[in-house]
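S.K.: just the structure for this:
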Amino acid sequence: MTLSSRFLLFSLTMLSSASAFVVTPASAATSDSAEVAVLRREMAEMRREMLSMRSELRHQHTFPATNDEGRPSQDRGEAHSWKHARRMAAHTPQDYNGVPEPGVAFNQPPKISYHANGDGRPPSDRGITSSWEDFKRASADTEVVQVGGMKIGFPNGRPTIQSEDGKYAFSIGLAFHEDFGGFMGVTPRAGESKGKFNSFTSNARRLRIPFTFRYKDWVANVTPDFGAGNNDGTVGLYEGNLNYAGLRNTIFTIGYFQPRVTEEDSESSNEFEMMERPGITDIVRNIAASDARFSIGGLHYEKRWWLGAYFTGQQFGGRNASGYYGGDGAVSDSQTGGTFRFAGRPIATKDWDLHLGVSAISAFKPNNGTHGRSFTLSQRPEVNLGEDSLLGTGAITNVSQVWAAGPEAGLRWKSLVIKSEYYHIGVNRSHTASGQSLSNLGFDGWYVAANYTLFGTPRAYNYKEGAFSAPGVKESQEFNPKTGQWGALEITGRYSETDLNSQVNSANGVRGGNQIVWSGGLNWYPNRHFRVMLDYNHFIDQRTSHDGTVNIAGRNGNSVAARIQAAF
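M.R.: Residues are numbered from 1 along each chain as shown. Sure thing, here's the model as predicted:
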């Protein structure tokens, strides 16, 4: 202790002792003077303050000199260790205003840590639902900025704000698909009208902004969609649901949701090989699943298998005549249905993945609306630029149930992926009002697709979806001509066929037409968040009896379309 400190300590001690003799309890008791009582209180307060100052001076010399980080300096010799100083600090008064606690810093820049972005595959086009543990692992594998008690980062490639322990979190995403292109050679035959087949047009195919709210294992997703599928200009809802993910590899969901059915439908649209799904899988998913379908159910996954099942109701806006997905204001009894999908992965090695599965879907009870209990199956030529449908059954009446089932298979060998699905659709019909018996109807469809990654990280199997993921672009592979990096490029091709003819020679049969589509395309990923797609389709359609005069003799044609994609 320095000489000045010793002198100050001695002075304070003497003043404290003197204050004790100036006003004693005995003298206060014998005096009736109010001034003496006030003086006594003031001197007692002064004595307490001097005792506190004396205690501070006694302890101050036990703290070693510190550096800017609050740690002991290495160039000052001290009598006590840092550990001993911390133990002594615990006994200081609560209003102690001396050396800050270790780790506490003021006026410092935010703490920033950068981590790898994994294999650089695109984020999902929907709200990302995962367990709290998975969320914390994803947060540990991304860039993070910590400000006070909050963390700002990009887990799963999505801007996210969360509490320091990750219990509370909010994230916002983006799925932006802008399509443009046109049709060639769609010449009407004798008696047919030209139809809507623009030589050049554009369409905001998807403009989704997923909002995800988390508290531990509870996750709520709300995703508006500013695109409109086939014709933009309408705002709707893609999903609005509540999820619980607290059980191992299991997610329970209730609300407007996209139940996973078929392999193609299980993939995010940010991962599609072609711009649109094959015709048959799009028809099947719309029976009782598709976007914004009220659903109650769940899924479970392991590295070698995937299982999901949902009870479903109407789509968002299904009882609104101007609904986003096309509604009916006369519905008096809403549809109920269900989906089931099981997928296995019997072979899983570095170079090989074999996928086998089965999907089933049913509308147990179709809507009872304007046409009674009716159902319509239709499909465009696997491009959505506002064109007319050339394949469709029209409204099938007196329907008691619609169902579909079929196998799915996929094979990956290094950079090559081949997959195929087949589905049979059944339409069960009841008697007419006059008691006439109506036979059941059956339709079919299938496709086979092949995809090869020319450069970049190739497609892989995503066991959490039971489907194949898009190629990846690691940060070191991102497009940069200066370093000779070009991202990832893949070439893809597909053949699909959908037959909506059933008992065409019967009075109660349906001639919905037969459609074959040959497709080829290129997909370029400059990085994980952006993609450019280019597709060519050649379609061959047999005649149908349910599309007015657009296709009464059969129509062939070609389309060329491109897509720019942003995914966060």
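S.K.: low-confidence stretches in the stretch 401-550 of the chain?
M.R.: Across the stretch 401-550 of the chain, the ranges flagged by pLDDT under 70 are 433.
S.K.: make it 80
M.R.: For the stretch 401-550 of the chain, the stretches flagged by pLDDT under 80 are 431-435, 547-548.
S.K.: what does the chain give?
M.R.: Ranges of the chain meeting pLDDT under 80: 1-118, 143, 228, 323-324, 431-435, 547-548.
S.K.: neighbouring strands for the lengthiest strand in the chain, and are they parallel or not?
M.R.: Counting by DSSP state E, the longest strand found in the chain is strand 510-527. Here strand 510-527 has these sheet partners by DSSP bridges: strand 488-502 (antiparallel), strand 530-541 (antiparallel).
S.K.: for those, please prepare TSV with the additional fields mean neighbour count.
M.R.: Placement of C-beta: from N, CA and C, glycine included. TSV is the format used below for these (neighbours: other Cβ atoms under 10 Å):
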stretch	mean neighbour count
strand 488-502	21
strand 530-541	20
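S.K.: of all the ones you listed, which lies closest to A44?
M.R.: strand 530-541 (74.1 Å; Cβ to Cβ).
S.K.: got a list of contacts for the closest one?
M.R.: 122, 181, 270, 274-275, 381-383, 390-391, 470, 513-526, 551, 554-567 (Cβ atoms under 8 Å, 6 or more residues apart in numbering).
S.K.: H371: which of the strands paired with strand 510-527 is closest?
M.R.: strand 488-502 (17.9 Å).
S.K.: mind giving me the ChimeraX command for buried ones among the contacts of strand 530-541?
M.R.: Command for ChimeraX that selects the buried part of the contacts of strand 530-541, burial taken from 16 or more other Cβ atoms under 10 Å:
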select :122,181,270,274,275,381,382,383,390,391,470,513,514,515,516,517,519,521,523,524,525,526,551,555,557,559,561,562,563,565,567
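S.K.: need phi/psi at K482.
M.R.: Note on K482: its backbone torsions stand at phi -60, psi -30 [degrees, to the nearest 10].
S.K.: from T187, how far out is it?
M.R.: Relative to T187, K482 is positioned 48 Å away (Cβ to Cβ, to the nearest Å).
S.K.: higher neighbour count, the two?
M.R.: The neighbour comparison of K482 against T187 (other Cβ atoms under 10 Å) goes to T187, with 11 against 5.
S.K.: what's across from the nearest residue to the more buried one once chain neighbours are set aside in the sheet?
M.R.: Counting by Cβ to Cβ, 6 or more residues apart in numbering, G557 is the residue found nearest to T187 once chain neighbours are left out, at 7.9 Å. Beta-bridge partners of G557, counted by DSSP bridges, are F539.
S.K.: isn't G557 right next to P381, touching?
M.R.: Yes: counting by Cβ atoms under 8 Å, G557 touches P381, with 7.2 Å between them.
S.K.: now the helices for the chain?
M.R.: 3-22, 25-30, 34-60, 82-89, 132-140, 263-266, 279-288 (DSSP state H).
S.K.: from the rest of the structure, what touches the last one?
M.R.: So the one you mean is helix 279-288. The contact list for helix 279-288, computed with Cβ under 8 Å, 6+ apart, reads 261-265, 276-277, 312, 335, 337-339, 359, 361-363, 377-379, 381-382, 391, 402-404, 406, 421-423, 425, 444-447, 496-498, 515, 517.
S.K.: can you give me the neighbour number for G308?
M.R.: Neighbour count of G308, defined by other Cβ under 10 Å: 23.
S.K.: got it, and S269?
M.R.: Using other Cβ under 10 Å, S269 has 22 other residues around it.
S.K.: which residues touch the nearest residue to it once chain neighbours are set aside?
M.R.: Of all residues not flanking S269 in the chain, D125 sits nearest, at 4.8 Å (Cβ to Cβ, 6+ apart). Counting by Cβ under 8 Å, 6+ apart, D125 makes contact with A175, R206, R208, P210, S268, S269, N270, A567.
S.K.: if you set the cut-off to 7 Å instead, what comes out?
M.R.: Residues near D125 by Cβ atoms under 7 Å, 6 or more residues apart in numbering: A175, R206, R208, S268, S269, N270, A567.
S.K.: closest one to R412 out of those residues, please.
M.R.: For the contacts of D125, the nearest to R412 is S268 (17.5 Å; Cβ to Cβ).
S.K.: quick one: residues contacting the closest one.
M.R.: Counting by Cβ under 7 Å, 6+ apart, S268 has contacts S124, D125, R126.
S.K.: and the residue nearest to T187, how close does it get to S362?
M.R.: Taken as Cβ to Cβ, the span from G557 to S362 is 34 Å.
S.K.: ok, what's across the strand from the nearest residue to L299 once chain neighbours are set aside?
M.R.: The shortest distance from L299 to any non-neighbouring residue, by Cβ to Cβ, 6+ apart, is to G308 (3.7 Å). As for beta bridges, G308 partners with L299, R341 under DSSP bridges.
S.K.: would you confirm that G308 contacts T262?
M.R.: No: counting by Cβ atoms under 7 Å, T262 is not a contact partner of G308; they are 11.3 Å apart.
S.K.: hey, what's in contact with both of the two?
M.R.: Contacts common to G308 and T262, judged by Cβ under 7 Å, 6+ apart, are absent.
S.K.: what's the neighbour count on the closest residue to W413 other than its chain neighbours?
M.R.: Excluding its sequence neighbours, the residue lying closest to W413 (Cβ to Cβ, 6+ apart) is W352, at 5.9 Å. W352 has 12 neighbours, counted by other Cβ under 10 Å.
S.K.: over to A330?
M.R.: Counted with other Cβ under 10 Å, A330 comes out at 12.
S.K.: ok, it - contacts?
M.R.: A330 touches G369, T370, counting by Cβ under 7 Å, 6+ apart.
S.K.: the one 3 residues further on too?
M.R.: Contacts here follow Cβ under 7 Å, 6+ apart; on that basis D333 touches N368.
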